[in-house]
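*Asks:* Sharing a model prediction with you, sequence too.
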Amino acid sequence: MRFTIIFLFLLIVHLSCDTGVPVFDGQKAYNNLLEQCAFGPRNPGSKGHSAAKKYIVDMVQELADTVLLQNFSFDIYGEKNSYNGTNIIARYNVSSPTQVLIGAHWDTRPWADKDADKSNNRKPIIGANDGASGVAVLLELARLLKLSPASIGINLVFFDAEDSGVSGNNESYCKGSIYFSKNLPIVGIKEGIILDMVGDRELSLPIERNSLSFNRKLVRKLWDRAKVLKLSAFKGVVGSAIYDDHVPLYQYAGIPAIDIIDIRYPNSFANYWHTMDDIPQNCSAQSLEQVGMLMVDYIYNRKFYGP
């Protein structure tokens, strides 16, 4: 009788855990972040930029069903030279009638223009949070999608040339997503999610205001699911409107995209954004895991999000 009870208990535990939904590993994602930062600054034209491109391409070519490289050239405001950029697109289940996009930018800021030390203002940043964090989550998702195929089409898009803009000129930013949106290499994308600055140790994710306008339904579903999943970083309040890669997707391609972003890095009393303090020590595996868990829920628990 005792062994029967033990067997039934173990069977129940096994069945309750066997949901078909893979587990997002925050430490693996954090290791992805560290590997990117080891290349140094990844601003366009730098050695780190070239190394990071090879790193991402090599990884997704091993993991994705199909990989597309979308090359383009662009100018940086105030500079004479033209730069080469590459959007990297890792596709899964390309034949599915439902295609969604999850994206992040892989370049970093060429200048630490928000650093309190003025001698740093023309130095490139490491970009652990602003650049590497979103990519780190996408690469862990890529690994999971290889192991556990999704029922819908997933397009992981690594946008280049997001962070070389100047204040007051929105379209000097997001060059990669602007090019992507005006020259769509994928048709029929239902909706999009951008991950930006999601590694902050003090992660706080209010609802970005533009996202609420572009795709209110998806925003509500994601933040409601975050509450169910007890992901405390997701705050049910509406924050500022941000010009990020989701804006060109909506404006030029008609893709109802949203932005998951923590713009107050690390908090309201200090700033690491666009400074030399945007380093791995100010990010955490736990923060990446919260965002990754919600993306896994979005990919695999489709009953909560629609077909």
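*Replies:* It's in.

*Asks:* where along the chain do the strands fall?
*Replies:* For the chain, the strands defined by DSSP state E cover 66-75, 82-92, 99-105, 153-159, 189-196, 205-207, 234-238, 257-261, 266-267, 270-271.

*Asks:* For residue 279, find the nearest of those.
*Replies:* Distance to residue 279, taken as C-beta to C-beta, is lowest for strand 266-267 among those, at 11.6 Å. The way it works is simple: take the backbone N, C-alpha and C, and place the C-beta from them, glycine included.

*Asks:* so for that closest one, what's the average pLDDT?
*Replies:* For strand 266-267, mean pLDDT is 97.

*Asks:* any residues touching it, and which ones?
*Replies:* Contact with strand 266-267 is made by 200, 201, 202, 204, 272, 282, as judged by C-beta atoms under 8 Å, 6 or more residues apart in numbering.

*Asks:* That one pairs with which strands, and in what direction?
*Replies:* In the sheet, strand 266-267 lines up against strand 270-271 (antiparallel) (DSSP bridges).

*Asks:* how about the strands of the chain, which one is nearest residue 114?
*Replies:* Nearest of these (C-beta to C-beta): strand 270-271, 6.2 Å.

*Asks:* on that earlier part again, any chance of the strands of the chain in TSV with distance to residue 50 and mean neighbour count as columns?
*Replies:* Converted to TSV, these look like this (distance: least, C-beta to C-beta, whole Å; neighbours: other C-beta atoms under 10 Å):
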stretch	distance to residue 50	mean neighbour count
strand 66-75	13	14
strand 82-92	10	21
strand 99-105	16	25
strand 153-159	14	26
strand 189-196	22	23
strand 205-207	32	22
strand 234-238	35	14
strand 257-261	27	27
strand 266-267	30	16
strand 270-271	29	15
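
*Asks:* mind giving me a markdown table with these and columns for distance to residue 286?
*Replies:* Listed next are these as a markdown table, based on distance: least, C-beta to C-beta, whole Å:
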| stretch | distance to residue 286 |
| --- | --- |
| strand 66-75 | 30 |
| strand 82-92 | 25 |
| strand 99-105 | 18 |
| strand 153-159 | 22 |
| strand 189-196 | 16 |
| strand 205-207 | 13 |
| strand 234-238 | 14 |
| strand 257-261 | 16 |
| strand 266-267 | 14 |
| strand 270-271 | 19 |
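
*Asks:* And the ones you listed: which comes nearest residue 306?
*Replies:* Per C-beta to C-beta, nearest to residue 306 of the strands of the chain: strand 189-196, 8.8 Å.

*Asks:* Counting by contacts, list what that closest one packs against.
*Replies:* On a contact count with 3 or more C-beta pairs under 8 Å, 6 or more residues apart in numbering; DSSP states H and E, strand 189-196 meets strand 99-105, helix 133-147, helix 216-228, helix 246-253, strand 257-261, helix 285-300.

*Asks:* Which among the strands of the chain is found nearest to residue 302?
*Replies:* Proximity to residue 302 (C-beta to C-beta) singles out strand 99-105 among these, at 10.1 Å.

*Asks:* For the closest one, name the packing helices and strands.
*Replies:* Using 3+ C-beta pairs under 8 Å, 6+ apart: strand 99-105 touches helix 133-147, strand 153-159, helix 175-182, strand 189-196.
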